[in-house]
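In: Pasted the sequence and its predicted model underneath.
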Amino acid sequence: MNAPVNVKAAAKTFLAQTEEYLSAYTEACVHCGQCAEACHFYQTSGDPRHTPAYKLFPIAKAMKNNKWPLNWLGLAPAITEADLKEWEELLFDTCTMCGRCTTICPMAIDIAGIVGRARQAFAAAGLGPEDLQQAAEMSRDHGSPLGLSPDKLADRLEWLADENEIEIAVDKAKADVLLTVSSIEMMKYPDSIVAMAKILNKAGINYTFSTKGYEATNFGYLAGKSDIAKIMTLRIVEAAEKVGAKTVVIPECGHAYGAMRWSGGNTIGRPLPFEVLHITEYLARLKREGKLKLKPLDGSITYHDPCQISRRGGATQDARYLLEGFAKDFREMTPAADYNWCCGGGGGVQAMGRAADLRHKVFKLKIDQVAKTGAATMVSSCANCRLTMDESKEYWKWQGGLDSLVEVIAEHLE
Amino acid sequence: MTLLDFARGPALSIAFAVFLIGVLWRLFSLVLLPKASDNSPARADSGSAFGQGLRGFWRHMWPADPYLKSSVFALVNGYAFHLGLAIVVFGLAQHIQFIKDVFGISWPGLPTGVITLAAIVTLASLVGALVRRLTNPVLKLISTGNDYITWLVTVLPVITGIMTINHLWLRYETLLALHILSFALMLVWFPFGKLMHAFLVFLTRSRTGVVYGRRGVKI
């Protein structure tokens, strides 16, 4: 990118993030370096620059510079173009915002949260990986980062329904549940969408997809473009309001869940008029209500926790509840659940071409973990994790099996 | 006015004033910032914010199992330093007398043997922390002037304290004056450097605890 770097816009955006806790976080780091041990990028590269605490430096510098009387006395240097250029790679390519570093931090600093906000400053300055920016712009202009326009959605859903001889509800006038998609699924793992429809059909749920709001991924959020984040959120909110949905179900996608469940109401500036559930939470509910009856699953499996669903989402136990009594040979990795290792592709890193090499190397952590369990297949509930894992599997010529939890469940409906 | 008079009088008074005003400035400049209201509903069973904050504080007292091995130095050295310092600061009879003179409260002191051991542990852990900071590639990169100044103003009262209590090399009155002056220096630096973590830790850990709690994350 050759456009001039707008340092002032970056500094201003850093300072716009003034919620009390965020400022406290940036001031509280004691530089103990423990977070490096928790970070999959540092563990893989051994490069000290990948230390999570180091990633806070630009925003901490901008905030300190603004602090009276430090700026008044000239005691705090200002953020520079060189700073922004040096840290761009660190805040985008080598942070999946998985939040593992916070769990080791003696000060409990939410580094992932700060990185998410700091990315907005980089975007304001005109920095950030081009492919990530383009994915955000594609979402705004065409409805989805992978070019899944409303017409294409309708076509593909119709085709999937015919091909699989099932009903897939689209654009019903009224429905209790609005189903959404991740375009990664629609383009690469359409069986996931079929699986969701099958399960909901079987349970007798009044659901619909909507061509007004369907894309659950939010690249505006990942790219630091808050205007696009808002547009993407509003599309789903308006679609849900139109059909009168009480529940919006987020498909197998990690950040889409966080962006809607924990940030949606803040992004649009009002509480959401419906509940937001990840598909694993929703299926767990169906199981509790006796609406999900399954034949037992043979073969050994392990479960990869998508960071935004488990560690940063709090839905850790729902996937396990689904596997309970269903997967006859379920083996946990160590560490797992809230302390799992990230797949390496979260936080939009999956979409950054230049970051691919390091994220493939990061995936070795996962391969070793799976090997220790001896499980034949690793299932997950995030299409972004799955794509990352599929690509890295190819890179390492790994023989392990990969699958989607929702698909496995749909294959075993009674 | 002797050096000791100066240390006990104006130096200490000014240092306390800078400490107090500085700490209040740091804290108020944070808590008076506008707060973003959270429009996302918490999980049904997430409890009160106060309870969540307390749990967050407690959970970060000790590294979780997956990190125990890699954190062992920071854990042992960190606890050794903080506990050692607390024993010396609040257990030495002379310190208790000083606190009684200033604040009017007192408690029984600890035996000299315990204090000496604690002082040695404290000093050793400070040396250990510095050596690690200077040699570990991660710490070398993320360390700033703040880290080294903070180390210096922390180690000086420990060294001068050990010298004073053992009457090493100089006259007792001079040693005591130097010890008090080094303490005053630490107080003056406190609000400007990372010693502030002693206060900020309550804000950050409890805030993260609330975030975990609302989301139902059991960390």
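Out: Nice, I can see it.
In: So residue A:403: helix, strand or coil?
Out: strand (DSSP: H, G, I helix; E, B strand; the rest coil).
In: At the contact with chain B, which residues of the stretch 251-400 of chain A appear?
Out: Within the stretch 251-400 of chain A, the positions lying close to chain B (CB under 8 Å from any CB of the partner chain) are A:261-266, A:269-272, A:275, A:310-316, A:334-335, A:338-339. Placement of C-beta: from N, CA and C, glycine included.
In: So which residues of the stretch 201-350 of chain A form helices?
Out: A:219-223, A:226-243, A:254-257, A:264-268, A:279-288, A:316-323 (DSSP state H, counting those that start in this stretch).
In: for the third one, packing partners?
Out: What that stands for is helix A:254-257. Helix A:254-257 sits against helix A:383-396, with contacts defined as 3 or more CB pairs under 8 Å, 6 or more residues apart in numbering or on different chains; DSSP states H and E.
In: what do you get if the cut-off is 10 Å, keeping everything else the same?
Out: When contacts are defined as 3 or more CB pairs under 10 Å, 6 or more residues apart in numbering or on different chains; DSSP states H and E, helix A:254-257 packs onto helix A:219-223, strand A:275-278, helix A:279-288, helix A:383-396.
In: and if you look at the fifth one?
Out: Helices and strands touching helix A:279-288, by 3+ CB pairs under 10 Å, 6+ apart, are strand A:177-179, helix A:190-203, strand A:247-250, helix A:254-257, strand A:275-278, helix A:316-323, helix A:405-411.
In: go again using 8 Å as the cut-off
Out: The contact analysis (3+ CB pairs under 8 Å, 6+ apart) places helix A:279-288 against helix A:190-203, strand A:247-250, helix A:316-323, helix A:405-411.
In: Residue B:207 and residue B:108, how far apart?
Out: Separation of residue B:207 from residue B:108 (CB to CB, to the nearest Å): 37 Å.
In: how about residue B:214, phi and psi?
Out: phi -60, psi -40 (degrees, to the nearest 10).
In: What residues of stretch A:132-148 count as buried?
Out: Residues of stretch A:132-148 classed as buried: A:132-133, A:135-140, A:142-146, A:148 (neighbour count, 16 or more other CB atoms under 10 Å in any protein chain shown).
In: And the furthest pair within these?
Out: A:133 and A:148 (18.4 Å; CB to CB).
In: tell me the SS of residue A:146?
Out: Put simply, residue A:146 is coil when judged by three-state DSSP.
In: cool, residue B:82 as well?
Out: helix.
In: That one: neighbour count?
Out: Residue B:82 is flanked by 13 other residues according to other CB atoms under 10 Å in any protein chain shown.
In: Please apply the same query to residue A:322.
Out: Quick note: residue A:322 (other CB under 10 Å) scores 24 neighbours.
In: which residues in chain B form helices?
Out: Applying DSSP state H to chain B gives helices spanning B:3-6, B:12-31, B:49-59, B:72-91, B:93-103, B:112-135, B:137-142, B:145-165, B:172-189, B:197-215.
In: quick one, which of these is nearest to residue A:113?
Out: Going by CB to CB, the one of the helices of chain B nearest residue A:113 is helix B:197-215, 7.9 Å.
In: Can you tell me the closest non-neighbouring residue to residue 133?
Out: I'll assume chain A. Once flanking residues are discounted, residue A:133 sits nearest to residue A:223: 5.5 Å by CB to CB, 6 or more residues apart in numbering or on different chains.
In: That was the other one, I meant chain B.
Out: Nearest residue to residue B:133, sequence neighbours excluded (CB to CB, 6+ apart): residue B:139, at 4.6 Å.
In: does the one you found really touch residue B:129, like I thought?
Out: No. Contact criterion CB atoms under 8 Å: residue B:139 and residue B:129 do not qualify, at 9.2 Å.
In: center of the chain, which residue is that?
Out: I went with chain A, as the question did not name one. residue A:255 (2.1 Å; CA atoms, centre = their mean).
In: actually it's chain B I care about, not the one you picked
Out: Computing the C-alpha centroid of chain B and ranking residues by CA atoms, centre = their mean puts residue B:198 first, at 5.1 Å.
In: Mind pulling up the pLDDT for it?
Out: pLDDT, residue B:198: 95.
In: Next: residue B:30.
Out: For residue B:30, pLDDT reads 83.
In: And for it, the neighbour number?
Out: Applying other CB under 10 Å, we find 20 residues neighbouring residue B:30.
In: Contact partners for it?
Out: The contact partners of residue B:30, by CB atoms under 8 Å, 6 or more residues apart in numbering or on different chains, come to A:20, A:23, A:24, A:27, B:200, B:203.
In: again with residue B:92
Out: Per CB under 8 Å, 6+ apart, neighbours of residue B:92: B:109, B:110, B:115, B:165.
In: ok, and the most crowded of those?
Out: residue B:115 leads the contacts of residue B:92 on contacts (other CB under 10 Å) with 22 neighbours.
In: ok, that residue touching residue B:89?
Out: No. At 10.1 Å, residue B:115 does not count as touching residue B:89 under the criterion of CB under 8 Å.
In: quick one: low-confidence ranges for chain A?
Out: A:1-3, A:17-20, A:70 (pLDDT under 70).
In: For chain A, see how far away residue B:176 is.
Out: To chain A, residue B:176 is 31 Å away according to CB to the nearest CB, to the nearest Å.
In: Report the secondary structure element holding the residue of chain A positioned farthest from its centre.
Out: Note on chain A: the largest C-alpha distance from the chain mean falls to residue A:73, namely 42.2 Å (CA atoms, centre = their mean). Residue A:73 is located outside every helix and strand, with elements delineated by DSSP states H and E.
In: any idea how far it is from chain B?
Out: With CB to the nearest CB as the criterion, residue A:73 and chain B are 11 Å apart.
In: buried residues in the helix or strand bottoming out on mean pLDDT in chain B?
Out: One helix or strand of chain B scores below all others by mean pLDDT, DSSP states H and E: helix B:3-6, with a mean of 87. For helix B:3-6, burial by neighbour count (16+ other CB under 10 Å) applies to B:3, B:4.
In: between the helices and strands packed on helix A:279-288, which one is nearest to residue A:302?
Out: Residue A:302 lies closest to helix A:316-323 among the helices and strands packed on helix A:279-288, at 9.9 Å (CB to CB).
In: what's the helix or strand where residue A:37 lies in contact with?
Out: If you go by DSSP H and E, residue A:37 is part of helix A:35-38. Contact with helix A:35-38 is made by A:42-43, A:48, A:50-53, A:100-101, A:103-105, A:111, B:67, B:70-71, B:138, as judged by CB under 8 Å, 6+ apart.
In: again, only this time at 6 Å
Out: With contact meaning CB atoms under 6 Å, 6 or more residues apart in numbering or on different chains, helix A:35-38 is reached by A:42, A:51, A:52, A:53, A:100, A:101, A:104, A:105, B:70, B:138.
In: Which members of those are positioned in helices?
Out: Counting by DSSP H, those place A:42, A:52, A:53, A:100, A:101, A:104, B:138 in helices.
In: Mind picking the one among those residues that's closest to residue B:185?
Out: For the ones in helices among the contacts of helix A:35-38, the nearest to residue B:185 is residue A:53 (26.7 Å; CB to CB).
In: So chain A: which segments form each domain?
Out: A:7-128, A:131-285, A:292-411 (automatic domain parsing).
In: Centre of the chain to stretch B:45-55, how far?
Out: Centroid displacement of stretch B:45-55 relative to its chain, using CA atoms, centre = their mean, to the nearest Å, is 26 Å.
In: what's residue 81 in contact with, if anything?
Out: No chain in the question, so chain A it is. Listed by CB under 6 Å, 6+ apart, the contact partners of residue A:81 are A:5, A:7.
In: my question was about chain B
Out: Counting by CB under 6 Å, 6+ apart, residue B:81 makes contact with residue B:125.
In: Return the distance of it relative to chain A.
Out: From residue B:81 to chain A the distance is 12 Å (CB to the nearest CB).
In: Which pLDDT value belongs to that residue?
Out: 97.
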